[in-house]
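Trainee: just the structure for this:
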Amino acid sequence: MCRLLCSPCRKPSTACSSTSTKASSVTPCQLLLVGILLLLTAPVAEGQQVSPAKKSQLVLVIDFGDHFQKRFTAITWIRDMTILEVMQAATKHPRGIRFKHRGKGKTAFLTSIDKLENQGGDRNWIYRVNGKRGDRSFATFTVQPTDTILWTFGKYR
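Mentor: Numbers count the residues shown, from 1 in each chain. Take a look at the predicted model:
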C-alpha cells in the first residue's frame with residue numbers, strides 16, 4: 001500500500017521525507033497508513049455517542065391522508081429505539097408534531113397526530129416500517145438505523 005501512495009519510500013529520494021535506506025525504518029507514509037487504520041478500527045464504548053459523520057438517520061413520514069405529509073429526515077437513531085421514541089424526537093423539531101397515545105408498553109396505542117384523531121372503524125392512524133405494516137404496539141417496536149417509518153391516516157388495509 002505504501003508503494004502506491006509514496007513509491008519513493010522504499011528508496012532514498014528527494015520526493016520522500018525519509019532519509020534512511022534501512023528496510024526496518026518507518027516512513028511517514030507508513031505512519032499515516034497506521035494512523036488511518038487505527039481510526040477506522042477503534043471501538044466505540046457502549047453508550048458513547050458516535051461522531052456526527054457516523055450517526056445513522058431514520059426517516060419519519062406522517063401522511064395525513066389528504067395529500068399532505070410531514071417528513072423528518074434527520075432523526076438520530078439510538079440503540080433499542082422504539083417508534084414511540086422516534087415520535088418523541090419529532091416533537092422537538094421547530095416544526096415538529098404533537099401526538100397523543102394511551103397505555104404504555106405493549107398496550108400503548110396512538111390516538112392522534114397534530115389534532116387529527118382516530119375515527120374508530122372508519123379511519124385511523126396506522127404505521128408501517130419499510131413498507132411492512134406494524135404487528136405490535138408502536139411503543140415496543142424497535143427500529144434500525146436506516147428504517148423509514150410511515151404513519152398514514154386512513155382505512156386499515
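
Trainee: show me this structure divided up by domain.
Mentor: Following automatic domain parsing, one gets these domains for the chain: 2-41, 52-154.

Trainee: give me whichever of the ones you listed is most buried.
Mentor: Sort those by mean neighbour count, taking mean count of other CB atoms under 10 Å, and domain 52-154 sits at the top with a mean of 15. (Glycine included, C-beta is placed from N, CA and C.)

Trainee: quick revisit: weakest of the domains of the chain by average pLDDT?
Mentor: Ranked by mean pLDDT, the domains of the chain bottom out at domain 2-41, which scores a mean of 53.

Trainee: what are the ranges of the strands in this structure?
Mentor: Under the criterion DSSP state E, the chain contains strands at 57-63, 69-76, 99-102, 109-113, 116-117, 124-129, 132-133, 148-154.

Trainee: could you dump those strands to a markdown table with distance to Ala90?
Mentor: As requested, the strands of the chain are exported to a markdown table (distance: least, CB to CB, whole Å):
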| stretch | distance to Ala90 |
| --- | --- |
| strand 57-63 | 6 |
| strand 69-76 | 5 |
| strand 99-102 | 8 |
| strand 109-113 | 10 |
| strand 116-117 | 15 |
| strand 124-129 | 13 |
| strand 132-133 | 20 |
| strand 148-154 | 10 |
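
Trainee: His93 is nearest to which of the ones you listed?
Mentor: Go through those one by one with CB to CB and the one that ends up closest to His93 is strand 69-76, at 6.4 Å.

Trainee: in its sheet, what does that closest one sit against?
Mentor: When sheet partners are counted by DSSP bridges, strand 69-76 sits next to strand 57-63 (antiparallel).

Trainee: what sits up against the partner strand?
Mentor: Residues lying outside strand 57-63 but in contact with it, judged by CB atoms under 8 Å, 6 or more residues apart in numbering, are 69-77, 81, 86-87, 90, 97, 113-114, 143, 145-153.

Trainee: now do 7 Å
Mentor: With contact meaning CB atoms under 7 Å, 6 or more residues apart in numbering, strand 57-63 is reached by 69-77, 86, 90, 97, 113, 143, 147-153.

Trainee: same question for stretch 67-81.
Mentor: Where contact means CB under 7 Å, 6+ apart, the residues beyond stretch 67-81 that reach it are 55-63, 86, 89-90, 93, 97, 142-143, 145.

Trainee: end to end, how far does it reach?
Mentor: For stretch 67-81, the first-to-last residue distance is 29 Å (CA to CA, to the nearest Å).
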